[in-house]
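Chemist: Next input, structure requested:
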Amino acid sequence: LCDTDMLRYDSECSAAELCRGRLARRPGKSCSGVSQVCHGPGAPHQALSPPLSISGEQTLQLAAMGWVHSLNERVGDSKVGRYFQVKERRSTFTTELRAGLVTFLTTSYVLAVNSGILSDTGGTCTDADCTGPKAGQPGCRFANDPGFNACVQDVRRSIIAATAATSLMACFLMGAVANLPLAVAPGMGINAYFAYTVVGFYGTGMITYQEALAAVFIEGWIFILISISGVRGRMVSLIPKSIMLATAGGIGLFLAFLGLQNSEGVGLVTYNSATLVTLGGCPLENRVYQYSIADTSADAICKISPDTGLMTPNLGPPSSSFMCKGKRMHLATLWLGIAGITIMAMLMARKVKGAIMMGILFTTFISWIPGHQASYLGAGSQVPGGAERLEYFKHVVAVPNTSKTSLAWSFAAFHKSELWVALITFLYLDFLDATGTLFSMASMLNQRMPGFVNDKDKSFPRQLFAFCVDGVAIVIGSLLGCAPLTVYIESAAGIREGGRTGITALVVSFGFFISLFFTPLIASIPPYATGPALILVGAMMMENLVDIDWADVKHAVPAFLTVVTMPLTYSIAYGVIAGICSYIVLYLGNFFVDLIGVAMGKNNLHAVLYDNCPDAFIDKFKAPAPFKSPSAVLQYHVNPEHAAHHAAVKSREEEGATDIKMDVDNHTDLPSKSVT
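Modeler: Next up is the predicted model:
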């Protein structure tokens with residue numbers, strides 16, 4: 001019944017009527033212990049009968065909530081509050097803090113996941129770091145060499161610190177400059193392309209890790225240039241509204257798909273060799289891992305070891321994807337994740353603020369208890385690497401060090417076509433991914449703050465700054481050794497919690513600052529604690545699809561392809577491409593058919609052009625106006641004084657006509673004049 005975020009003071013209400021702690025109430029509701037209810041400014045007071053008693057604990061709670069409201073009012077009226085437009089966006093300081101914490105918790109997995117993906121490239125490690133029996137031989141890094149493995153671990157720790165540092169600076173700029181509640185961090189899709197296609201496993205790809213960072217550096221500057229020049233904003237304004245709404249819905253489905261997987265979620269969905277995906281949740285002993293083999297010949301797969309003389313398989317490292325061989329839904333971590341999403345959903349249904357954060361913390365604290373089947377730490381964990389995580393967790397505090405990856409770029413490969421292919425691919429993937437996510441988050445804010453997005457050109461406040469921050473973040477990431485950064489779709493969780501301003505992004509930035517020194521704790525948040533939040537937020541983002549005109553096939557089919565392509569291709573960019581291409585094909589096809597009708601005399605050319613005009617130009621391309629003569633046109637350009645004079649004369653003439661008519665009616669006995 002009480003809402004501290006909606007307080008509106010009434011000068012005629014007494015202190016008792018303000019719940020003794022200056023709490024706000026919704027109109028017509030009462031708080032426990034209040035003798036009267038205020039129904040708005042100037043409204044009469046209505047006494048409750050009998051007055052309700054209040055306990056000492058409730059008094060403390062009311063006093064604490066009153067202090068929170070006082071803090072919100074002070075921040076909202078301060079220079080900081082006015083800069084971030086806290087009151088204009090109908091938010092409060094404590095709401096922004098809560099939203100920022102939720103956003104950080106849902107994005108904190110990037111510290112462990114991004115470092116794990118990028119360290120598979122080997123980073124700056126080479127065969128020269130080998131110290132084992134095959135040291136000095138080409139390819140010794142593939143022989144499980146202890147020296148090379150130690151170097152890779154140093155690279156992984158360096159990337160953890162680099163991820164935290166780049167995310168810290170990017171989120172700070174997004175909050176302080178763009179005033180948007182968005183998190184910016186290394187993208188999960190594009191970092192996999194960076195690691196496994198461009199650089200390759202342990203450097204077996206097109207170019208080296210250092211050369212790939214140089215390509216990312218150049219891409220960031222191109223991003224900044226197209227943002228400042230307005231090209232990026234103009235290109236976005238050409239995207240149909242149905243595609244933008246479908247992008248938001250597709251991102252929601254993509255989020256839910258991530259939350260259902262094992263690597264970033266609860267593990268309900270897993271790999272299947274026949275159907276690609278199926279029901280998972282099986283223990284370690286029932287998992288069959290996938291191997292990707294390029295050369296399937298017997299000579300390539302089976303090799304004789306020179307040390308033992310025995311035939312050994314040459315399969316390479318196994319994928320993180322696995323197929324369950326029995327005991328589906330038997331995994332304890334899966335059920336702990338299901339419990340987490342149940343708690344979140346129930347708390348949200350009860351309108352409890354911070355429901356997502358409470359669910360994440362509940363699951364995380366239980367997973368940190370070693371010795372049970374759902375534990376994330378310890379040798380008995382059903383998530384591989386539990387013993388190493390426990391040892392790392394015990395450090396609690398770690399000094400950040402990015403020396404293995406910072407300023408490691410190399411510009412020596414710009415004469416290679418492979419580098420330019422990688423750079424162009426980075427550019428268009430990051431452009432569509434970041435831009436689509438950015439406008440989807442803006443659409444979410446527009447639903448909560450109508451008018452936030454301009455319906456005509458799809459622009460929003462400080463759009464240019466947000467675009468430039470995206471490019472600057474990419475440049476900063478390349479300096480420290482990270483793949484391209486992007487706006488995170490997990491920002492939707494914070495927006496759902498009430499984030500409206502850049503204060504939310506500043507809180508996320510502060511969280512990454514803390515994680516620089518408490519990386520062992522932050523990196524130990526399990527994926528099945530944050531996965532439920534992704535599923536729940538994905539479900540909430542489906543509301544964007546309601547505004548699509550599903551009765552119009554020209555809008556419905558591209559929107560559907562946009563939504564369904566994102567999770568099935570694991571790429572937001574591919575979903576946007578599918579939607580835009582199908583939209584163009586449908587419109588051009590219908591346009592040519594209509595032109596044939598014009599040639600046959602069945603259609604009007606101007607009407608055909610108007611009906612097939614894209615949404616971005618519909619305001620500039622008006623329907624044909626009826627023909628007017630020159631004299632009719634001149635009537636719209638008269639002197640205001642002349643217009644007033646003619647109106648007065650016309651009024652007098654109408655009054656005179658009425659008098660004449662009344663006079664005629666009163667003399668019906670006059671002889672009538674016939675006309676032959």
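Chemist: thinking residue 170 is in contact with residue 184, fair?
Modeler: Yes: at 3.7 Å, residue 170 counts as touching residue 184 under the criterion of Cβ atoms under 8 Å. Where C-beta positions appear, they are placed from N, C-alpha and C, glycine not excepted.
Chemist: more crowded one of those two?
Modeler: Higher neighbour count among residue 170 and residue 184: residue 184, with 36 against 30, using other Cβ atoms under 10 Å.
Chemist: roughly how far apart are that one and residue 482?
Modeler: 11 Å (Cβ to Cβ, to the nearest Å).
Chemist: How about residue 98?
Modeler: Distance of residue 98 to residue 482, given as Cβ to Cβ: 28 Å.
Chemist: These two: who's more crowded?
Modeler: Between residue 98 and residue 482, counted using other Cβ under 10 Å, residue 482 has the larger neighbour count: 30 against 21.
Chemist: Quickly find the element holding that one.
Modeler: According to DSSP states H and E, residue 482 maps onto no helix or strand at all.
Chemist: cool, and the one 10 residues further on?
Modeler: With secondary structure defined by DSSP H and E, residue 492 is part of helix 491-496.
Chemist: The stretch 201-350 of the chain: strands as residue ranges?
Modeler: 269-272, 276-279, 287-289, 302-304, 311-313, 322-324 (DSSP state E, counting those that start in this stretch).
Chemist: Determine which of the ones you listed approaches residue 591 most closely.
Modeler: For residue 591, the closest of the strands of the stretch 201-350 of the chain is strand 276-279, at 37.0 Å, according to Cβ to Cβ.
Chemist: Does anything pack onto that closest one? Which helices or strands?
Modeler: strand 269-272, strand 322-324 (3 or more Cβ pairs under 8 Å, 6 or more residues apart in numbering; DSSP states H and E).
Chemist: mind redoing it with 7 Å?
Modeler: strand 269-272 (3 or more Cβ pairs under 7 Å, 6 or more residues apart in numbering; DSSP states H and E).
Chemist: what does the strand it packs on rub up against?
Modeler: By Cβ atoms under 7 Å, 6 or more residues apart in numbering, the residues outside strand 269-272 that reach it are 260-262, 277-278, 280, 290, 321-324.
Chemist: which pair in those residues spans the largest distance?
Modeler: Within these, 260 and 290 form the most distant pair, 18.0 Å apart (Cβ to Cβ).
Chemist: quick one, which of those two is more surrounded?
Modeler: More neighbours surround residue 260 than the other of residue 260 and residue 290, with 23 against 12 (other Cβ under 10 Å).
Chemist: pLDDT score for that one?
Modeler: Looking at residue 260, its pLDDT stands at 92.
Chemist: Could you report the distance from the residue nearest to it when sequence neighbours are not counted to residue 126?
Modeler: In space, residue 260 comes closest to residue 269 once its chain neighbours are excluded; the distance is 4.3 Å by Cβ to Cβ, 6 or more residues apart in numbering. Distance, residue 269 to residue 126, using Cβ to Cβ: 38 Å.
Chemist: Compare those two (neighbour count), which wins?
Modeler: Neighbour count, other Cβ under 10 Å: between residue 269 and residue 126, residue 269 has more, with 19 against 16.
Chemist: Identify the bridge partners of that one.
Modeler: Beta-bridge partners for residue 269, by DSSP bridges, are residue 279.
Chemist: which stretches of the stretch 501-650 of the chain form helices?
Modeler: Listed in chain order, the helices found in the stretch 501-650 of the chain under DSSP state H, counting those that start in this stretch are 502-517, 519-522, 527-540, 553-569, 572-599, 605-611, 630-634, 640-666.
Chemist: Now do the fourth one: which elements does it pack against?
Modeler: Judged by 3+ Cβ pairs under 7 Å, 6+ apart, the packing partners of helix 553-569 are helix 241-260, helix 572-599.
Chemist: got a list of what residue 183 touches?
Modeler: Contacts for residue 183 (Cβ under 7 Å, 6+ apart) come out as 103, 107, 171, 488, 490-491, 505, 508.
Chemist: host element of residue 90?
Modeler: Here residue 90 is assigned to no helix or strand, by DSSP H and E.
Chemist: Which one (most neighbours) among the contacts of residue 183?
Modeler: Neighbour-wise, the contacts of residue 183 (other Cβ under 10 Å) top out at residue 508, 37 neighbours.
Chemist: can you tell me which residues contact residue 540?
Modeler: residue 496.
Chemist: what's the closest of the contacts of strand 269-272 to residue 609?
Modeler: Scanning these for proximity to residue 609, where the rule is Cβ to Cβ, the winner is residue 277, at 45.4 Å.
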